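Chemist: could you look at this predicted model? Sequence included:
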Amino acid sequence: MPAAAPWGVTWGFLAKIFMAAPQGPVCNIRLLIVHRYAPGIKKSGAMPCTVEHFGRRGKPVKKMRLIPAEKAFAFARKFQGLPGVTVSVC
């Protein structure tokens, strides 16, 4: 059996360096926006809806607030199953 090629070791080392590097800036704070449609109306871009912005405690606030990404995605998972609701995490 032939010995392992030396380039295999080098490729594994280079793959770890180049493939594990982040591809861009990582944002740890996000905005959470919930669009609520009236009951009985199908969701679409042309239909009127109310827009709510959520804060750190998961309650609606008047202005858009930056919240930690972990909390934003946790709240989004909580809201995504409700009928007539579309959730956006920006």
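Modeler: Ah, there it is. Numbers count the residues shown, from 1 in each chain.

Chemist: show me where the protein has strands.
Modeler: Along the chain, counting by DSSP state E, strands occupy 29-30, 32-37, 49-54, 60-61, 67-68, 85-89.

Chemist: check contacts around the closest residue in space to Leu31 that isn't next to it in sequence.
Modeler: The shortest distance from Leu31 to any non-neighbouring residue, by CB to CB, 6 or more residues apart in numbering, is to Cys90 (4.5 Å). Where C-beta positions appear, they are placed from N, C-alpha and C, glycine not excepted. With contact taken as CB atoms under 8 Å, 6 or more residues apart in numbering, Cys90 is in contact with Arg30, Leu31, Ile33.

Chemist: at 10 Å what do you get?
Modeler: Cys27, Arg30, Leu31, Leu32, Ile33, Met64, Leu66, Ala72 (CB atoms under 10 Å, 6 or more residues apart in numbering).

Chemist: and the closest residue to Lys62 other than its chain neighbours, how many neighbours?
Modeler: In space, and not counting its chain neighbours, Lys62 is closest to His53: 7.4 Å by CB to CB, 6+ apart. His53 sits with 15 neighbouring residues when counted by other CB atoms under 10 Å.

Chemist: now Arg77
Modeler: Using other CB under 10 Å, Arg77 is surrounded by 10 other residues.

Chemist: show me where pLDDT drops low in this structure?
Modeler: Scanning the chain with the threshold set as pLDDT under 70 gives 1-26.
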